[in-house]
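**Q** Show me the folded form of this:
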Amino acid sequence: MTKGFTVWLTGLSGAGKSTIAQALAQELRERECPVEVLDGDEVRENLSKGLGFSREDRDTNIRRISYVASLLAKHGVAVVTAAISPYAAARAEARERIGEFVEVYVRCSIPELVRRDVKGLYKLAIAGEITNFTGISDPYEEPEHPEVIVDSERETAEQSVSAIIEALEIRGLVPALSGVLS
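**A** Numbers count the residues shown, from 1 in each chain. Below you'll find the model as predicted:
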């Protein structure tokens, strides 16, 4: 693979973005694609430390992720991002900056996210004890026209990865494996 691209996983906290990102990265490596994962939590810790959760800070975080993704993609790397990225305008800006961009909406219902939430953050946000919590006290603008929608409530991570890989194959971003199921 010589053409870089970015798979931009967006969805609420706990929806499965990081799990899908890691599984997708492994599949891409098996296809001999150079790949890097930009996980939202890791980026916040290492590149965006000190940013809060205001709209301005969230947009700054997404700009930083998209900048790094654009550099990597320009050099032939398959970039997989896993970041809530709650605002449509910031995702549109990322798409424009990066170029070869495949938006994946990782959908999951709030009741399921509350059920999965081992840290209890959703319950605290619902109780008003955490402010600026995306999907509860802060907006999440669902993608209107993502290239792929996966539903982590109804699909396994492997099924989600298969749907993403199929979209990448259709766009000619990764070679199709002839006669082999991934």
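**Q** what residue ranges in this structure score low on pLDDT?
**A** Low-confidence segments of the chain, defined by pLDDT under 70: 1-2, 178-182.
**Q** just the strands in it please.
**A** For the chain, the strands defined by DSSP state E occupy 5-10, 35-39, 78-82, 101-107, 148-151.
**Q** Kindly reformat these as JSON lines and extend each row with mean neighbour count and distance to Q22.
**A** For glycine as for every other residue, the C-beta is placed from the backbone atoms N, C-alpha and C. Below are the strands of the chain laid out as JSON lines (neighbours: other Cβ atoms under 10 Å; distance: least, Cβ to Cβ, whole Å):
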{"stretch": "strand 5-10", "mean neighbour count": "29", "distance to Q22": "11"}
{"stretch": "strand 35-39", "mean neighbour count": "20", "distance to Q22": "7"}
{"stretch": "strand 78-82", "mean neighbour count": "28", "distance to Q22": "8"}
{"stretch": "strand 101-107", "mean neighbour count": "23", "distance to Q22": "13"}
{"stretch": "strand 148-151", "mean neighbour count": "20", "distance to Q22": "14"}
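**Q** Would you format those as CSV with distance to R116 included?
**A** Output for the strands of the chain, formatted as CSV (distance: least, Cβ to Cβ, whole Å):
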stretch, distance to R116
strand 5-10, 17
strand 35-39, 18
strand 78-82, 16
strand 101-107, 13
strand 148-151, 14
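**Q** closest one to V161 among these?
**A** strand 148-151 (8.6 Å; Cβ to Cβ).
**Q** any idea which residue sits dead centre in this structure?
**A** Closest residue to the average C-alpha location of the chain: L9 at 1.9 Å, with Cα atoms, centre = their mean.
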